[in-house]
Structures are given as C-alpha cells and as structure tokens.
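J.: Give me a 3D structure for the following:
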Amino acid sequence: MRNNNSLFTSEKTEPFPGTIRFLVFLLLLVGLGITLYREALSALSFAVLDRQDSSHGIFVPVISAYFLWLKSSKIKGIQPETALFSGAAMLIAGVLFFILGNIWGFQLSNLSFLFIVGALILILFGKEMFVETSLPLFFLATMIPLPTGMYYQIADWMRSINTWGSVAVTKAFGVPVYREGYDVFIPGLHLVVNHGCSGIRYLLSFFTFSIVYAALFKTGNLSRVLLVLGSIPLSIAAGIARLSVVFLAAHYISPYWAEHTPHVVLSWVVFVVFLFGTFTLDQYLIRRRAKC
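T.: Have a look, this model is predicted:
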C-alpha cells in the first residue's frame, strides 16, 4: 500500500521570500533615488566626475562592488530575517541626516541615503546580511566630498605644514630658497603654494586606499585602525616630498617643472611611489614576522 503521509507534511516557508524582499528593496532604492535624493545624488555624481577636491572618488564604486563580490558566497547563504528595532534606529538616523542635509549641503544628504539603505537591509534581510554588506555600503561614503568649510580648514592646515617642510627639505639640498607665508622664492622663480597644492587630496586618497588595504590584508581591528590613522602622517610626508621635488626640479632642471602639467605628473608619481611603497613595505614586514 502506498504511503500517502507525504501529502500531509509541510515545509516551513518564508512569508516574504528572499526574491520578493530583494524586489521591494530595489523598488524602494530606485524610488528614493529619483525622488527625495535625486538632487543630492546628482550633485555627488557631478562632484565625482569633475574630480572636485580629490581624484579617488571615481574608483570608490568599483572597489565597493569588489568588496561585495568577495562577500557574495556568504550573502547567498544567508536566510532573510527582519531586524526591525535596529532598522528603525538606523532609519531615524538617516532621516536626521536628511533634514540636516537640506540645511548644510548635499554631503549629509548622501550620507543619509547610505543610512536609509542600511536601514532597509536590516528591515528586509536582517542583521547577518547587514554585517556582510556594511563595508561595501558605507565605504561609498569616502566618495562624498567634504563640506566646503571643513575642506578649506584642513587644506590650510596641511598647506602650512607642507610648505614649511618642503622649504626645509629644499634648503637641505643647497637651494637658496626663501618663504613668505605661502610665497616661495627660488633664484629666478616666484612660486605660490595654493589650496590645490596643500596636500589635502593626498590625505583623502591615502585615507580611502588605506581602508581598502586594511580590509583586505589586516585581520585585527586595532591594526586596521592604526593603519588608517597612519594615512595622515603618510599624506603629510608625501605632500612635503611632492613640493620638494617640484622646487628642486624647477631649480636644477627647468622652471618648466613648476608649471601645471609637469607639476601634475610629478604629483602622481610621488603619490604612486608613496602608496605602493608603503603597502609593499608592510607586506615585506608581514612576511618577515611570519618567518620569525
């Protein structure tokens, strides 16, 4: 006799399957993007494409997508849940940032958008999904330009340090250089260190890429934090080196090297040398410690 018990068995089904949750998530995301956050996202897009304040922003979405891809196997195995309380708390934070963004600028509005996305992930997919996607999500914040007032405050501070340091280095190489504020006088040359040469772009770029390196190659939270904080003195050292190279090249080779195009080339060369040199040195030290 055929056993028909299987007719009376039932499997535990999700009241809102993952596919439906994902579609709801996408619809809400698109809806918010083209309504409440349209102006803020447009302003951010123009700022990134125009490379305002920094040159790293255009790489951030690609890196964020790579972080998400690295997590893809874990994400696929997560069962959708609902973290209503945590999601509501993050939603409130997102709303507050949105209100402040309407007063103080599109930067806070874009940060609000990230918090709202995080809230939707918590509510629709649960805490485990949020943990796996939080880095790719909030790493996108590094592409948001600093508020204008904060940007110029940091730029002035770095410009002062880098100008003083580069003049000291240039003097050490035997060049008779004289400084009055941000005006630098080399025999036959009068150079001005403006905000674009302050080194703040180095700071923002080194800060961003140090987060990437820490996430990929560091395991302990302390080592990650120290590495990211280390991007501050690294950017200052690179800024001093960049101005010193420009001053020395303009004096010993040709004043041409102080013009815009060669200046930009030298800036990129110094940035790449410091960035990959630092990471290569760290990898060498890691391998050396592993052998001990």
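
J.: Please count neighbours and contacts with C-alpha atoms only from this point.
T.: Will do.

J.: in stretch 33-46, what's buried?
T.: Neighbour counts over stretch 33-46 (16 or more other C-alpha atoms under 10 Å) mark 33, 37, 40-41, 43-45 as buried.

J.: So which of those is the closest to Ser198?
T.: Nearest to Ser198 out of the buried residues of stretch 33-46 is Leu44 (C-alpha to C-alpha; 22.7 Å).

J.: any idea which element the closest one lies in?
T.: When elements are assigned from DSSP states H and E, Leu44 belongs to helix 38-49.

J.: Residues in contact with that helix: which ones?
T.: 32-33, 55, 57-58, 106-107, 109-110, 143-145 (C-alpha atoms under 8 Å, 6 or more residues apart in numbering).

J.: The same query, at a cut-off of 6 Å, please.
T.: 57-58, 106 (C-alpha atoms under 6 Å, 6 or more residues apart in numbering).

J.: Select from these the one having the most neighbours.
T.: Gly57 (26 neighbours; other C-alpha atoms under 10 Å).

J.: isn't that one right next to Met143, touching?
T.: Yes - applying C-alpha atoms under 6 Å, one finds Gly57 in contact with Met143, separated by 4.4 Å.

J.: Same list (the contacts of helix 38-49) but as TSV, adding pLDDT.
T.: Converted to TSV, the contacts of helix 38-49 look like this (pLDDT from 0 to 100):
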residue	pLDDT
Gly57	88
Ile58	90
Phe106	91
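
J.: Looking at the residues you listed, spot the one nearest Ile123.
T.: Comparing the contacts of helix 38-49 against Ile123 with C-alpha to C-alpha places Phe106 closest, at 25.5 Å.

J.: Skip the chain neighbours and tell me the closest residue to the closest one.
T.: Nearest non-adjacent residue to Phe106, counting by C-alpha to C-alpha, 6 or more residues apart in numbering: Ala40, 4.9 Å away.

J.: Can you tell me how far that neighbour is from Leu114?
T.: Distance of Ala40 to Leu114, given as C-alpha to C-alpha, to the nearest Å: 12 Å.

J.: try Cys197
T.: Between Cys197 and Leu114 the computed distance is 31 Å (C-alpha to C-alpha).

J.: now Leu100
T.: 14 Å.

J.: quick one: which of the two has more around it?
T.: Set Leu100 next to Leu114 and count neighbours by other C-alpha under 10 Å: Leu114 wins out with 20 against 16.

J.: quick one: contacts for the more buried one?
T.: No contacts exist for Leu114 under C-alpha under 6 Å, 6+ apart.

J.: name the element it belongs to?
T.: Element membership of Leu114, judged by DSSP H and E, is helix 106-125.

J.: Next secondary structure after that helix?
T.: helix 127-139.

J.: Restricting to C-alpha, output that next one in PDB.
T.: The C-alpha trace of helix 127-139 is given here as PDB (Å, rounded to 0.1, in the frame of the first residue of the first chain):
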ATOM      1  CA  LYS A 127      21.400  41.700  10.900                       C
ATOM      2  CA  GLU A 128      23.600  39.000   9.300                       C
ATOM      3  CA  MET A 129      23.100  40.400   5.900                       C
ATOM      4  CA  PHE A 130      23.800  43.900   7.200                       C
ATOM      5  CA  VAL A 131      27.100  42.700   8.800                       C
ATOM      6  CA  GLU A 132      28.200  41.300   5.400                       C
ATOM      7  CA  THR A 133      27.200  44.300   3.400                       C
ATOM      8  CA  SER A 134      28.100  47.100   5.700                       C
ATOM      9  CA  LEU A 135      31.600  47.600   4.500                       C
ATOM     10  CA  PRO A 136      30.700  47.800   0.700                       C
ATOM     11  CA  LEU A 137      27.800  50.100   1.600                       C
ATOM     12  CA  PHE A 138      29.500  52.600   3.900                       C
ATOM     13  CA  PHE A 139      32.800  52.600   2.000                       C
END
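
J.: tilt between that helix and helix 106-125?
T.: With axes from the mean of the first three to the mean of the last three C-alpha atoms, to 10 degrees defining the directions, helix 127-139 sits at 160 degrees from helix 106-125.

J.: What helices and strands are in contact with helix 127-139?
T.: Judged by 3 or more C-alpha pairs under 6 Å, 6 or more residues apart in numbering; DSSP states H and E, helix 127-139 is in contact with helix 60-70.

J.: buried stuff in the helix it packs on?
T.: Buried positions in helix 60-70, judged by neighbour count with 16+ other C-alpha under 10 Å: 60-61, 63-64, 67-68.

J.: Report the two of these separated the most.
T.: Top of the distance list for the buried residues of helix 60-70 (C-alpha to C-alpha): Val60 and Leu68, 12.3 Å.
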